[in-house]
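Enquirer: Dropping the sequence and predicted coords here.
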Amino acid sequence: MSSKSSNNSIENTHIRNDNDGSDIVSFNKENIGNEDVLTHIKSIDGNVVDVTGDVDQAMAYAIDAEHDDQIALTPEIERKLLWKIDLFLLPLVSFLYAIQYMDKVSTSFAAIMGLRNYYNMHGNQYSWTGSAFYLGYLIFEFPMSLALQRFPVSKFVSINIILWGLIICLHATPANYAGFITLRTLLGIFESAVTPAMVILTGQWYKAEEQFLRTAIWFSFNGIGVILGSSISYGLAIRPDSYSMESWKVLFIIMGCMTIAIGFTFIIHIPDIPVKAWFLNTQEKKEVVLRIKTNQQGFGNIHFKYHQFKEAILDINTWIFFFFSIAFQIPNGSLTNFAAILFNDTFGYSETQSLLMNLITGAITFAGCILLSWSQKYFKHKLGVATGVVFFSLIASCMLAFAKQSPKARIAGYYLYNLCPVGMICCLSCFTSNVAGHTKKITVNALYLIGYSVGNLIGPQTFIDDQAPEYRGGQIAIVVSLAVSSVLISWIYYNYWAENKRRDKLQSEGKLDALNFDNYEFADLTDKENVLFRYTL
């Protein structure tokens, strides 16, 4: 699509009459893939938009599916298809997310197993083991997102998984602190591909009303990553003299080998787009295409479109998400790196006890995120659920920071804080369902994850070594950040609600032009260009 006018035209355009006598333009395989103008529409803001043949990858498959008289999507067929998709897709992508989180926070486990002493870390040097990861993540997030648009998703992600697995193994080899920090930065570079890829995959396979819970399921496996990492670390820590090298080095090698195995499994099992799935038959592949039409989005478009990039940059919601991400991730950057240290230094638990205490953290994250996201089925508004959880996390952080006379209350506050990922789950789900136009989607998603990196860069720096073991500055920073986050997510919620009301009012008054072409859902229109688009709340 383009907001600029063009004199080009398509010779093979098909036009038919609708029931009301109006002309309806139909895409065909001859005009898919070129940039000639097929028709014009008016956006929600009244701008003229050129509709070209540079459409979503799903368009060609939708044309085939619509000409197949054997395809009939009944509720029973959809239920069976959804069950099959969940069975073959969710377990592997969820376990991948557990592994990437375990790798990301591996220094938190290694820190109390001797990592800090081995490299003689002092001052804020340990803080930088967390920040260095997010520095690489920050610099490469947008290039990785562009690469995910251009290259086959599954293959590209698999290569990155294997490479970061090798880097995790190499964490056991540096002779000095500088070498270790370099590896942490490289790890951040290659891990920066995984979250935007998961957002793309979720949008390709699931309807809008299904995406929040599925996003919650794979994201909640961060908790499984904590449980897995803590369990492996505990098993190694209780027998530190049983190995020919330091136990934390063995930890990195085990984690790296697990990651490499997942990378090779991913490339074999997960298709680049649904119609290439080895586990679906020909009819099911067509059914997948037709069922996601309600999203008014498809599989994606490999071409970078400047006008969609510009729309993303000028959309106020993009920047609310960006600043929300920074504020919301400052606590995450702090606690993912210092959780075990807080239990060890601040709350007085032994090294092995601190690792076991993290098992509870993982269980709360895993179960809590899924249950709270599932509650959207009854509350209807995922943004409403997420807003409530962010406010609740603010209360929990106050317990952690200010309940000085009650260690149990502080520990409870820390555990309850670990329900807060529902806020990020909601944002990722919004990028899947509420940001249309593939270039716009990857831009908004990339900017959010850049904010995510900035917040996680800042977070560890708020835990100043001179303030150990209480780290008062870091705990106060957590409270302030969550207060700001609460305001910003409420603002996003209001904006989407108000825009839906505005569009409904304009449509009821007959002020919105109808879209005069078939399969407009797969025309790679943005949410502002498509007047029939409504935001999921």
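Expert: Cool, the structure landed. Remember, it's a predicted structure, so these values are computed and weren't measured experimentally. Numbers count the residues shown, from 1 in each chain.

Enquirer: Near Asn34, how many other residues are there?
Expert: 15 (other CB atoms under 10 Å). C-beta: built from backbone N, CA, C; applies to glycine.

Enquirer: got the contact list for the residue lying closest to Thr536 once chain neighbours are set aside?
Expert: Nearest residue to Thr536, sequence neighbours excluded (CB to CB, 6 or more residues apart in numbering): Ser433, at 4.7 Å. Ser433 makes contacts with 203, 208, 211-212, 295, 535-536, as judged by CB atoms under 8 Å, 6 or more residues apart in numbering.

Enquirer: Local confidence estimate at Ala468?
Expert: At Ala468, the pLDDT value in this model is 74.

Enquirer: Next one: it from Met399, what distance?
Expert: 21 Å (CB to CB, to the nearest Å).

Enquirer: In terms of neighbours, single out the busier of these two.
Expert: Taking other CB under 10 Å, Ala468 and Met399 do not tie; Met399 has more neighbours (20 against 14).

Enquirer: thinking again about what came up before, am I right that the residue nearest to Thr536 falls within a strand?
Expert: No. Using DSSP: H, G, I helix; E, B strand; the rest coil, the assignment for Ser433 is helix, not a strand.

Enquirer: Begin at 22 from now on, thanks
Expert: From this message on, residue numbering opens at 22, which makes the last subject Ser454.

Enquirer: Distance check, it against Glu99.
Expert: 18 Å.

Enquirer: got the buried residues for the helix or strand where Arg235 lies?
Expert: Assigned by DSSP states H and E, Arg235 belongs to helix 229-258. Residues 229, 231-255, 257-258 are the ones in helix 229-258 that count as buried (16 or more other CB atoms under 10 Å).

Enquirer: I'd like the average pLDDT over the host helix or strand of Phe130.
Expert: Assigned by DSSP H and E, Phe130 belongs to helix 127-131. Helix 127-131 shows a mean pLDDT of 88 in the predicted model.

Enquirer: What is the neighbour count of Ile510?
Expert: Counted with other CB under 10 Å, Ile510 comes out at 25.

Enquirer: again but with Leu272, I slipped
Expert: Neighbourhood size, Leu272 [other CB under 10 Å]: 24.

Enquirer: So it is in contact with Ser254, correct?
Expert: Yes. Because the distance of 5.8 Å satisfies CB atoms under 8 Å, Leu272 is recorded as touching Ser254.

Enquirer: any idea of the pLDDT on the residue lying closest to Thr373 once chain neighbours are set aside?
Expert: Take Thr373 and drop its neighbours on the chain: the residue closest to it by CB to CB, 6+ apart is Ala258, 5.3 Å away. What the model reports for Ala258 is a pLDDT of 85.

Enquirer: do the one 10 residues further on as well
Expert: The predicted local confidence for Ser268 comes out at a pLDDT of 89.

Enquirer: Please name the nearest non-neighbouring residue to it.
Expert: In space, Ser268 is closest to Leu257, 4.2 Å off (CB to CB, 6+ apart).

Enquirer: pLDDT weak spots in the stretch 22-171 of the chain?
Expert: 22-47, 89-90 (pLDDT under 70).

Enquirer: at 50 instead, please
Expert: 24-33, 42 (pLDDT under 50).

Enquirer: That one: helices as residue ranges?
Expert: With DSSP state H, counting those that start in this stretch as the criterion, the stretch 22-171 of the chain has helices at 79-87, 96-125, 127-131, 137-139, 146-171.

Enquirer: Looking at those helices, which is nearest to Leu187?
Expert: Evaluated over these, closeness to Leu187 peaks at helix 96-125, with 11.4 Å, by CB to CB.

Enquirer: which residues of this structure fall in strands?
Expert: For the chain, the strands defined by DSSP state E cover 35-38, 44-47, 58-63, 69-73.

Enquirer: what's the most buried one of the helices of the stretch 22-171 of the chain?
Expert: Mean neighbour count (mean count of other CB atoms under 10 Å) peaks for helix 127-131 among these, with a mean of 26.

Enquirer: What is that helix packed up against?
Expert: In terms of contacts (3 or more CB pairs under 8 Å, 6 or more residues apart in numbering; DSSP states H and E), helix 127-131 is packed against helix 146-171, helix 229-258, helix 268-290, helix 337-362.
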